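J.: Just a sequence and a predicted model for now, questions to come.
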Amino acid sequence: MERFAPYTENILRIDPAHHAKAALITTGNLDNAYQEYRRDIQRRTLWLCQHGQCEPRFFAGDDAHAPAWAPSDRWVAYLCRASGTTQLWVAQSDGTQPRQVTAWMPDEDNAFQGALILWTPDERSMVFTSSTGDGIRITGVAVSGRDPFVVAELPSPQGHLLGWDLDATRCLVSTRTSIVSLAVKSGTCETRCAEQHDHAWLDHAGDLWLTRIMDHELHVGLVADAGICAWQWTLPFDTVVDNIYAFDAQRRVVYLLRHAGMMRQLLAWHLPTGVVRDCTPPDTVVAAECERVPSPAIYSNACWFFASTSVHAAEVYRVTPDSVPMRMTSRVPQIQPATLPESRRITWQSAGWEIEGILVLPTTQQEAAPPYPTVVYLHGGPELEVQYAFETLANRRGQSAAYDLAAAGFAVLLPNVRGSRGYGRAFMAELGDYHLFDQPFADVMAGVDTLVASGIADPARLGIYGFSYGAELALWAIGHTSRFAGAVGICGRYDQEHLARCSGAPFHTLNATRLGAADPQEVWQKPELWQHLSPMHHIDKIQTPVLLVETAAERRPGTEAQPLLSALLQQGVESHLRYYPEAFHGGGWHLGYQEDYSRRLVAWFRHILLGEALPARFSVQQEGM
């Protein structure tokens, strides 16, 4: 299990130099405690990736992030905590001679969250953004660090520094509701363009480009001198599966990210011709973090991004509109595919729908021949999906840990049931009209039947587990069938009626595809409808042993697993609860938690499906309290 330790650092962002021969890669994760994460402390690291050198070189640590190359590429400014608090630093382009620029103590707890830095054209000073709580502050500071001053405070919670007017005295800022021009010395603010937009870019000629999403279409326009945007180009766009990634103004190419089943693609839309080209390397999945890149990853007509395969963690790639993608890094140790469990993409039919999933087979050393003991992993959301990527199959942060289970002798099925993203809106809408669980459950059972019929899965040795919504679906499943010998629910919220009373909003009403044509108030007039929406309402039918896992995020009224555990124990059902107090729903899973979770998951299913005794760590039914 220890062999996956080098893969715990995710690529979070790429910032290419202007000459495109180098880039800074920000790596990190959310494995630190929530108390740090909420203050935007993520223990990030900067790495220098140079053209022709596959192995990135360390640039800066101590939660270094938000790098900004100087116009000449001779210097890099960035934020880090080397002095104990988040401050602005400057180093040479190779990471040498780092020097702290600011000694600023903002009042806000996470003032630098999402901060951006912009050099002045003469490289003598910089401006950077910080949070005021309900808006953004733009501060100027000389490279010497002397006399930092507030340029302006804007009421908008979003502010993206675009660049400088051609006279280099005014900074352009996108607030998404407008483009404002700030005079750095006087602090005066003028509206350059009052058009609402989603993204904005300033090209080298000083032209301002905007994108907006309206009525399932992506519009791209060029702002005229009068501040009016001429929206000249349009492309069909689905906000559920599409994201804007970057823009090459010189070649007039918009790069998009698109979910396509269990893959994520990088597409290049050439505005003059309307041609859309797939730039994704073969058999790769563009990393999820690319969706959150706060600045365009474009310089010198090259787009930088990161992608992974099912057998290798994410690496950095570079592509132009008319070239094939080129891999730029060998960031992490290469695991030979022969040493990993075999995996494949499979499909099956369910109620007229084609359902797609990943099948991971046990290593031959553990289980010589089928049929295998088989477990089903259910993803969260429900409007998310499992992806055919190393990060999905090796993830121990309360997720699938599929490679660990396969190495222990289990086949693992990871289905994208109805409601998952990437298969069209009609597929997602199958959850509506009180079908939040029953139709995905039918897809799960159809997948299990397919594996049993093919001789892969042993029908007498089946298990099920899931995260968040997937945990709820797993508990729903064992309340409606006895075919699973054991279950695990991770970070689920099992009593949807109680949760709705505490939060004021029923879970099935939070998304139109979940609600369908149902009246959102109807559950309060017809309490029997909760039978369709809440696993807890079928607790009397559960006889399957259950392991529950939860974090501090679930220890709130309406979300905790304790009532479910108590009910199961009162019914005489073998049940255990593991609590990770420093973790939260989306992070805080440090290496100790990950190792414990993986070993506990394997031990539980070996106990339930293979008849082995539980280790001593299970001697207490509620652990980690």
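T.: That came through fine.
J.: Can I get stretch 529-543 in CSV, CA atoms only?
T.: C-alpha atoms of stretch 529-543 as CSV (Å, rounded to 0.1, in the frame of the first residue of the first chain):
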residue,chain,number,x,y,z
LEU,A,529,-42.6,10.7,0.0
TRP,A,530,-39.5,10.5,2.1
GLN,A,531,-39.6,6.8,1.5
HIS,A,532,-38.3,7.6,-2.0
LEU,A,533,-35.6,10.0,-0.8
SER,A,534,-34.1,8.8,2.5
PRO,A,535,-32.1,5.7,3.2
MET,A,536,-32.9,6.0,7.0
HIS,A,537,-36.6,5.4,6.2
HIS,A,538,-35.7,1.8,5.2
ILE,A,539,-33.6,1.1,8.3
ASP,A,540,-36.0,-1.7,9.5
LYS,A,541,-35.1,-3.8,6.4
ILE,A,542,-31.3,-3.6,6.7
GLN,A,543,-29.6,-6.8,8.0
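J.: Poorly predicted segments of the stretch 101-250 of the chain, please.
T.: The stretch 101-250 of the chain contains residues with pLDDT under 70 at 106-111.
J.: Would you map the strands across it?
T.: 117-119, 125-131, 136-142, 149-154, 160-164, 170-174, 179-183, 189-193, 199-202, 208-214, 217-223, 229-236, 242-248 (DSSP state E, counting those that start in this stretch).
J.: Could I get the full set of helices for the stretch 501-625 of the chain?
T.: 512-515, 522-525, 562-570, 591-610 (DSSP state H, counting those that start in this stretch).
J.: buried sites along the third one?
T.: For helix 562-570, the neighbour count (16 or more other CB atoms under 10 Å) marks 564-565, 567-569 as buried. In this view, the C-beta of every residue, glycine as well, is placed from N, C-alpha and C.
J.: With the longest one instead?
T.: By neighbour count, with 16+ other CB under 10 Å as the criterion, the buried positions of helix 591-610 are 593-594, 596-609.
J.: Of the residues you listed, which pair is most distant in space?
T.: Using CB to CB, these span at most 24.0 Å, a distance reached by 593 and 609.
J.: Quick check: closest non-adjacent residue to residue 593.
T.: Closest residue in space to residue 593, ignoring its immediate chain neighbours: residue 580 at 5.1 Å, by CB to CB, 6 or more residues apart in numbering.
J.: what's the answer for residue 172, then?
T.: Nearest to residue 172 is residue 162, by CB to CB, 6+ apart, at 4.3 Å.
J.: ditto for residue 602
T.: Nearest residue to residue 602 in three dimensions, chain neighbours excluded: residue 408, at 4.5 Å (CB to CB, 6+ apart).
J.: what separates the one you found from residue 615, distance-wise?
T.: 13 Å (CB to CB, to the nearest Å).
J.: More neighbours: the two, which one.
T.: A direct count of neighbours by other CB atoms under 10 Å for residue 408 and residue 615 places residue 408 higher, at 23 against 13.
J.: got the contact list for that one?
T.: 362, 366, 602, 605-606 (CB atoms under 8 Å, 6 or more residues apart in numbering).
J.: Which strand or helix spans residue 428?
T.: Taking DSSP states H and E as the definition, residue 428 sits inside helix 425-428.
J.: Give the buried residues for that helix.
T.: For helix 425-428, using 16+ other CB under 10 Å, the buried residues are 427-428.
J.: downstream neighbour of it in the secondary structure list?
T.: helix 438-453.
J.: Against which helices or strands is the helix or strand just after that next one packed?
T.: Downstream of helix 438-453, the next assigned helix or strand under DSSP H and E is strand 457-467. When contacts are defined as 3 or more CB pairs under 8 Å, 6 or more residues apart in numbering; DSSP states H and E, strand 457-467 packs onto strand 372-378, helix 438-453, helix 469-478, strand 486-490, helix 591-610.
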